[in-house]
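# Just a sequence and a predicted model for now, questions to come.
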Amino acid sequence: MNGRIDIVTIFPGYLAPLDLSLVGKARSEGVLDVGVHDLRDWTADRHRTVDDTPFGGGAGMVMRPDVWGTALDDVLLTEADSRTLVLPTPAGERFTQAMAEELALLVCAGGQIAFACGRYEGIDARVAEHYANRDDVTVREVSIGDYVLNGGEVAALVITEAVARLLPGVIGNPQSLVEESHGSAGLLEYPVYTKPPTWRDLDVPEVLRSGDHGRIGTWRRARAVERTARRRPDLLARHAPPRVREAKAID
Ligand SMILES: COc1cccc(Cn2ccc3ccc(-c4cc(N)[nH]n4)cc32)c1
């Protein structure tokens with residue numbers, strides 16, 4: 001796997017968590033290449049200006065297209081198998097596990113994922129437009145949820161972690177990827193327990209201590225369906241077997 005992830009930001013320190021834990025270990029072992037770049041390194045003025053006032057008026061400032069263009073032309077690698085420019089924004093398509101899998105497959109194939117982390121009121125819209133017009137770059141404007149952050153860095157951390165953990169050699173036990181929520185099962189995670197068997201008068205469900213793996217599997221699936229129905233019925237509809245979906249269509 002010789003793909004890579006690059007992140008351009010005016011707050012490189014925000015991406016320090018990528019030096020830690022599993023992603024940090026994968027980077028130090030050469031399993032994954034991640035580059036963090038300071039956008040101000042591509043400014044040409046003594047004040048290292050990256051923003052300006054918005055055309056059409058309104059509060060706040062907008063990030064300049066010229067600085068972003070100079071930076072991204074440098075960061076986007078012609079030698080990569082592919083180039084995907086991810087622009088975090090509240091106005092983006094929703095980030096999902098399916099998108100994480102798509103991006104992970106690109107990185108596995110030697111592709112580059114480049115994040116442009118905006119601040120202020122966002123990045124001049126022509127930056128996304130320019131790179132979307134290039135036939136060697138794919139642009140994804142992505143939201144990590146229906147809430148407003150102050151910039152794209154947290155979204156880049158979220159997306160990078162969700163993608164990196166799918167890459168070969170990053171997490172110790174790939175089997176756990178199969179069993180996870182939003183994974184192939186499409187249901188929420190069942191509740192998990194460990195020792196002690198009783199804690200503050202609360203007992204671990206007896207079935208989990210029975211050693212009967214058939215019963216355990218049935219219990220876990222039932223808890224996952226129950227939890228999904230209660231907390232995320234939208235996922236359950238997607239997960240329902242075809243006959244149930246047909247029945248709903250008939251109703
Ligand atoms: C662009 O429109 C905006 C409107 C109000 C504030 C901001 C602040 N802001 C700047 C850059 C930026 C990048 C991503 C996000 C973001 C993503 C998600 N899921 N929530 N918030 C927010 C960002 C932007």
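Looks like it arrived, so ask away.
# And the helices in this structure?
For the chain, helices defined by DSSP state H occupy the ranges 21-28, 65-75, 97-108, 125-133, 153-164, 175-179, 213-231, 233-239, 242-250.
# now for the fifth one, which elements pack on it?
This points to helix 153-164. strand 4-9, helix 21-28, strand 83-94, helix 97-108, strand 112-116, strand 138-143 (3 or more CB pairs under 8 Å, 6 or more residues apart in numbering; DSSP states H and E). C-beta coordinates here come from the backbone N, C-alpha and C atoms, glycine included.
# go again using 7 Å as the cut-off
Helices and strands touching helix 153-164, by 3 or more CB pairs under 7 Å, 6 or more residues apart in numbering; DSSP states H and E, are strand 4-9, helix 21-28, strand 83-94, helix 97-108.
# quick check: angle from the second one to strand 4-9?
It stands for helix 21-28. If you take axes from the mean of the first three to the mean of the last three CA atoms, to 10 degrees, helix 21-28 sits at 110 degrees to strand 4-9.
# angle of helix 21-28 against helix 153-164?
70 degrees.
# for helix 21-28, which positions count as buried?
Within helix 21-28, the residues that count as buried by 16 or more other CB atoms under 10 Å are 23, 25-27.
# what does it contact?
18, 32, 34, 160-161, 164-165, 169-171 (CB atoms under 7 Å, 6 or more residues apart in numbering).
# and Glu29, what pLDDT?
At Glu29, the model reports a pLDDT of 89.
# same deal with Ala132?
Ala132 is given a pLDDT of 98.
# roughly how far apart are it and the ligand?
Ala132 is 17 Å from the ligand, where distance means CB to the nearest ligand atom, to the nearest Å.
# And Asp124, by the same measure?
11 Å.
# how about that residue, phi and psi?
phi -50, psi 130 (degrees, to the nearest 10).
# Around the ligand, which positions in the stretch 101-250 of the chain sit nearby?
118-119, 121-122, 143-145, 147-152, 155 (CB under 6 Å from any ligand atom).
# Going by neighbour count, which of the residues you listed are buried?
118-119, 122, 143-144, 151-152, 155.
# Could you report the distance from the residue in the chain sticking out farthest from the centre to the ligand?
Distance from the centre of the chain peaks at Asp201, with 38.7 Å (CA atoms, centre = their mean). To the ligand, Asp201 is 41 Å away according to CB to the nearest ligand atom.
# Repeat that for Ile216.
Ile216 sits at a distance of 37 Å from the ligand (criterion: CB to the nearest ligand atom).
# Then Gly60?
For Gly60, the distance to the ligand - CB to the nearest ligand atom - is 8 Å.
# if I pick the closest residue to Arg232 other than its chain neighbours, what's in contact with it?
Nearest residue to Arg232, sequence neighbours excluded (CB to CB, 6 or more residues apart in numbering): Leu188, at 6.0 Å. By CB under 7 Å, 6+ apart, the contact list for Leu188 reads 181, 224, 227-228, 231-232, 235.
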